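fold the following for me, if possible:
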Amino acid sequence: MNWKAKLKIVDREFLSQEEIQNIISKEFSVPRLDQVKDIFIFCCFTGLAYADIKKLKKSEIVIGANGEFWINTKRAKTDTRSNIPVLSIPLSIIEKYKEHPEIIDSPIILPVLSNQKMNAYLKEIADICKIKKNLTFHLARHTFATTVTLTNGVPIESVSKMLGHKSLRTTQHYAKILDMKVGDDMKNLASIMGTKYN
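So this is what the prediction gives:
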């Protein structure tokens, strides 16, 4: 009766900018590895989870109020609306697979393999790219939340909305692990303080 559950916050792994670049610039002669690389990178720059990219339809890529392309979808896990601006890298991946035989007559936008196969091939990609982290498909979502958005100054509220989180607390788990960002913010503060209190 007196037992209380404790929530243990696990440090989530994510890729650094160098590691993302390493994967992007690696040429794969094996088509299946190239395909998995592209879909993984697409998710690093959109924050979509496996279930969301698997079901993403061509009709869910829309022109937003700003005249740019947006992903306008609902998260499979929570049924929450998620609106994400499409950056140039994901746009070029959509373009690359436009004529792919698996999706040409399908409403689906990208030829996504099973989660098991994606993760198995990502292990191969990690070995080839000499990445020591446990490269799984879900790591793309963590990478979007940290390296791609929060580290580059995107406000946590915007990141939370794009990830389709129901609560800001869920997104704050990502912010907690960004010591590097804290260091940069304090460096900026130090230079402001230096000019104000000389």
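
distance between the helix ranked longest in the chain and the chain's centre?
The longest helix of the chain (DSSP state H) is helix 179-196. In terms of Cα atoms, centre = their mean, to the nearest Å, the centre of helix 179-196 is set 27 Å apart from its chain centre.

stretch 114-131 too?
Offset of stretch 114-131 from its chain centre (Cα atoms, centre = their mean): 16 Å.

list the buried residues of that stretch.
118-119, 121-122, 124-126, 129, 131 (16 or more other Cβ atoms under 10 Å). From N, CA and C alone the C-beta is placed, and that goes for glycine too.

quick one: mean pLDDT for it?
In this model, stretch 114-131 carries a mean pLDDT of 96.

ok, and what's touching stretch 56-76?
With Cβ atoms under 8 Å, 6 or more residues apart in numbering as the test, stretch 56-76 has contacts from 46, 48-49, 51-52, 55, 80-86, 91, 94, 107-110, 164.

now for the longest helix of the chain, which elements pack on it?
Packing contacts for helix 179-196, counted by 3 or more Cβ pairs under 8 Å, 6 or more residues apart in numbering; DSSP states H and E, involve no helix or strand.

okay, that helix in CSV with CA atoms only?
Taking Å, rounded to 0.1, in the frame of the first residue of the first chain, the C-alpha atoms of helix 179-196 are listed here in CSV:
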residue,chain,number,x,y,z
ASP,A,179,24.5,20.8,-21.7
MET,A,180,26.2,22.1,-24.9
LYS,A,181,23.3,24.4,-25.5
VAL,A,182,23.4,25.6,-21.9
GLY,A,183,27.1,26.3,-22.3
ASP,A,184,26.4,28.4,-25.5
ASP,A,185,23.5,30.3,-23.9
MET,A,186,25.7,31.2,-20.9
LYS,A,187,28.6,32.2,-23.2
ASN,A,188,26.1,34.6,-24.9
LEU,A,189,25.1,35.9,-21.5
ALA,A,190,28.7,36.4,-20.4
SER,A,191,29.4,38.6,-23.5
ILE,A,192,26.2,40.6,-22.8
MET,A,193,27.2,41.0,-19.1
GLY,A,194,30.7,41.9,-20.2
THR,A,195,29.5,44.9,-22.2
LYS,A,196,27.0,46.0,-19.5
